[in-house]
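Engineer: Predicted model, plus sequence, below.
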Amino acid sequence: MVNWTNFDALDSYQALKNVDAVNVREVMSGESGAQRVKKYSVPMAEGMAYNYAAKAVDDDILAVLQKLSDEAQLTEKYEELYNGAVINTGEKRLVLHQLCRGQLGKDVVVDGVNKREFYQAQQDRIAKFANDVHAGKIVNGKGEKFTTVVQIGIGGSDLGPRALYLALENWAKTNHTLKMQAAFISNVDPDDASAVLNNIDVEHALFIVVSKSGTTLETLTNAAFVEDALKKAGVDPSKHMLACTSETSPLANNDKFLDSFYMDDYIGGRYSSSSAVGCCVLSLAFGPEVFARLMAGAHAADETAKEKDILKNPSLLDALIGVYERNFLDYATTAVLPYSQALSRFPAHLQQLDMESNGKSVNRFGEKVNYVTGPIIFGEPGTNGQHSFYQLLHQGKTIVPLQFIGFKDSQIGNDVVIEGSTSQKKLDANVAAQIVAFACGKDDENPNKNFDGGRPSSIIIGQQLNPETLGALLAHFENKVMFQGFVWNINSFDQEGVQLGKVLAKRVLAHDTDGALAVYSDLLEI
Ligand SMILES: O=P(O)(O)OC[C@H]1O[C@H](O)[C@H](O)[C@@H](O)[C@@H]1O
């Protein structure tokens, strides 16, 4: 059995308070910096590496972080999780998203159902459905092939799948495995659905209504919006609409859908890309084999997350360094900066993953904690970000730890040498330069041009963004967030904080308002 103890009650918490801080500028300058870049690197799944040379850690701090990991029983807690313990205490649920991509420990059986088999069976059903659509065995009312798939969902039923689709769209085109174009409708803003519908050929589109709960206002509204548009276009919605939901939801077993695919309550929305939620749209877009490759990459990362030695476990190490920065260096934010245009929506996915999971003030037993928890996450692809918010990152008063992601090869492979280098080389040169500029700064007599440096970063480096490396990236961050939640002794798997706004919005629509809500409603003429 593991002990669920508050972070500040651990010996290693006190030890971390007393460690000697590392001056990033000093250690990253000159020969010492070059040695750190070689030394402070951990292999990740699928040939990637997590390099943390420019973080404010040294061997002494790493040793205390190892003690913290052992004392807080972080890998033991992970083991409890994948073996089926009730980790989500708020909702009294198991947490099984890793089981969608492979068996990590014991069989998890609930009410006589082997959960790994259940998730695999849904993937198999989706694979058959997708293959039949691609082969023209499942067709529209006129007997014609579907060419487009549209996901209707929000939050975890949108961000992860959308980020993954965009991450692989150009890779799939290049590798001749883009079977269907995908589009996404999430916002209840009518312009979102209208713009997507205006852009696609509705007669040849399949729409997946994705909602774990089957009760989300935005998604149900958009599903009805699309149904209405299909009817107006003279198309039978039941031949074009699918459902992806949990078996107990109001959307389940509904014959107004062409077919339905299921996840369950043990998969949190922001962790659901590996379940039917991501499987459906990605298998239709890229083919089931590509989804299987994505899952294989994620499973490989899940396996490395079992390692007790933090120097061999990149997600655990990343988590612990993040905790050190958050609780002892007082850094409140983290920027995710992928030097890959394909990862344009990955920061948005990580924003939900991290902030919805670890934006908590009470521990897993509902008691207030006396330390800070999850950081604020934001980010944009480089080099675009360099010409936007990097000014503050370089010279602002707030130090923001940076998570870079970079690849040696492009996805499309089309490149040109201009002034002696390809665009890919320019991209990679920029990320290398940024890490050193942030860490080492530059002295200048003119204070306006002076860079203090000392701004910590890490980088995940891979050969190319493909299904395997993308899967490993996805799981790396999920596992990082999980380990951090374990350190803080919070429940990373519920999200009560999003409820209040929803309840009040329903009251506005029912005209049951008072106080400030009434005045705002009047101002907006609702
Ligand atoms: O999939 P659904 O049940 O429609 O939920 C969609 C999203 O809405 C909720 O409000 C939560 O904030 C998210 O965690 C969830 O992913």
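Structural biologist: Cool, got the structure.

Engineer: Quick check on the residue sitting furthest away from the middle of the chain: phi, psi?
Structural biologist: Here the centre of the chain is the reference, and by CA atoms, centre = their mean the most remote residue is Glu445, at 42.6 Å. Phi and psi for Glu445, reported as degrees, to the nearest 10, are phi -60, psi -30.

Engineer: Next one: it, what pLDDT does it get?
Structural biologist: Glu445 carries a pLDDT value of 98.

Engineer: That one and Arg25, how far apart?
Structural biologist: 18 Å (CB to CB, to the nearest Å). Where you see a C-beta, it was placed from the backbone N, CA and C, and this is true even at glycine.

Engineer: Close to the ligand: what parts of the protein are there?
Structural biologist: 154-157, 211-213, 216, 219, 269-270, 356, 495, 498 (CB under 6 Å from any ligand atom).

Engineer: among those, who's most crowded?
Structural biologist: Each of those was scored for neighbours by other CB atoms under 10 Å, and Ser157 scores highest at 31 neighbours.

Engineer: excluding its backbone neighbours, what's nearest that one?
Structural biologist: Using CB to CB, 6 or more residues apart in numbering and skipping the chain neighbours, the partner closest in space to Ser157 is Val210 (4.2 Å).

Engineer: From the residues of the chain next to the ligand, which shows the smallest pLDDT?
Structural biologist: Scanning the residues of the chain next to the ligand for pLDDT, the low point is Val498. It has 92.

Engineer: Quick one: residues contacting the nearest residue to it once chain neighbours are set aside.
Structural biologist: Closest residue to Val498 apart from its sequence neighbours, by CB to CB, 6+ apart: Glu356 at 7.3 Å. Contact analysis of Glu356 by CB atoms under 8 Å, 6 or more residues apart in numbering lists 155, 270, 495, 497-498.

Engineer: Confirm that Glu356 sits in a helix.
Structural biologist: Yes: when DSSP: H, G, I helix; E, B strand; the rest coil is applied, Glu356 is found to be in a helix.

Engineer: Ala296 should be in a helix, yeah?
Structural biologist: Yes: per three-state DSSP, Ala296 lies within a helix segment.

Engineer: Can you report how many residues neighbour it?
Structural biologist: With other CB under 10 Å as criterion, Ala296 counts 17.

Engineer: shift numbering so it begins at 221
Structural biologist: Let's use 221 as the start, then, which means that last one is Ala516.

Engineer: List the residues that contact Tyr385.
Structural biologist: Residues counted as contacts of Tyr385 (CB under 8 Å, 6+ apart) are 402, 404, 501-502, 505.

Engineer: biggest separation within those, which pair?
Structural biologist: The largest separation in the contacts of Tyr385, counting by CB to CB, is between Phe404 and Leu502 at 12.0 Å.

Engineer: Extract the C-alpha set from the longest helix along the chain and format it as CSV.
Structural biologist: Scanning the chain for the longest helix, with DSSP state H as the assignment, gives helix 687-708. Output in CSV follows, covering the C-alpha atoms of helix 687-708 (Å, rounded to 0.1, in the frame of the first residue of the first chain):
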residue,chain,number,x,y,z
PRO,A,687,2.9,8.7,-35.2
GLU,A,688,5.3,7.0,-32.8
THR,A,689,7.1,10.1,-31.6
LEU,A,690,3.8,12.0,-31.3
GLY,A,691,2.3,9.2,-29.2
ALA,A,692,5.4,9.3,-27.0
LEU,A,693,5.1,13.0,-26.6
LEU,A,694,1.4,12.8,-25.7
ALA,A,695,2.1,10.2,-23.0
HIS,A,696,5.2,12.0,-21.7
PHE,A,697,3.1,15.0,-20.7
GLU,A,698,0.2,13.0,-19.4
ASN,A,699,2.6,11.1,-17.2
LYS,A,700,4.4,14.2,-16.1
VAL,A,701,1.2,15.8,-15.0
MET,A,702,0.2,12.6,-13.2
PHE,A,703,3.5,12.5,-11.3
GLN,A,704,3.2,16.1,-10.3
GLY,A,705,-0.3,15.5,-9.0
PHE,A,706,1.1,12.7,-6.9
VAL,A,707,3.8,15.0,-5.4
TRP,A,708,1.2,17.6,-4.5
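
Engineer: That helix: how far from the chain's middle?
Structural biologist: Relative to the chain's own centre, helix 687-708 is displaced by 8 Å; criterion: CA atoms, centre = their mean, to the nearest Å.

Engineer: packing partners for it?
Structural biologist: Other elements packing on helix 687-708 under the criterion 3 or more CB pairs under 8 Å, 6 or more residues apart in numbering; DSSP states H and E are helix 294-302, helix 379-394, helix 508-524, helix 534-547, helix 566-578, strand 677-682.

Engineer: To Asp485, which of those lies closest?
Structural biologist: It is, among the helices and strands packed on helix 687-708 and with distance given as CB to CB, helix 294-302, at 15.1 Å.

Engineer: Would you mind identifying the next helix or strand past that closest one?
Structural biologist: strand 329-330 (DSSP states H and E).

Engineer: So which helix or strand of the protein has the lowest pLDDT on average?
Structural biologist: When the helices and strands of the chain are compared on mean pLDDT, DSSP states H and E, helix 719-729 comes out lowest with a mean of 93.

Engineer: What's the first helix or strand after it?
Structural biologist: For helix 719-729, the following helix or strand on the C-terminal side (DSSP H and E) is helix 735-743.

Engineer: Which strands or helices does that next one pack on?
Structural biologist: Going by 3+ CB pairs under 8 Å, 6+ apart, helix 735-743 lies up against helix 719-729.

Engineer: Pull up the gap between Met221 and Glu296, please.
Structural biologist: On the measure of CB to CB, Met221 and Glu296 end up 9 Å apart.

Engineer: neighbour count winner among the two?
Structural biologist: Of the pair Met221 and Glu296, Glu296 is the one with more neighbours under other CB under 10 Å, namely 16 against 7.

Engineer: Could you pull up the residues touching the residue lying closest to the more buried one once chain neighbours are set aside?
Structural biologist: Spatial nearest neighbour of Glu296, excluding adjacent residues (CB to CB, 6+ apart): Val222 at 5.0 Å. Going by CB under 8 Å, 6+ apart, Val222 touches 293, 296-297, 300.

Engineer: domain assignment for the chain?
Structural biologist: 318-512, 715-746 (automatic domain parsing).

Engineer: Can you lay out those as a markdown table showing distance to Lys259?
Structural biologist: Converted to a markdown table, the domains of the chain look like this (distance: least, CB to CB, whole Å):
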| stretch | distance to Lys259 |
| --- | --- |
| domain 318-512 | 30 |
| domain 715-746 | 39 |
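
Engineer: so which of the ones you listed is the most packed in?
Structural biologist: Highest mean neighbour count of those: domain 318-512, a mean of 20 (counted as mean count of other CB atoms under 10 Å).
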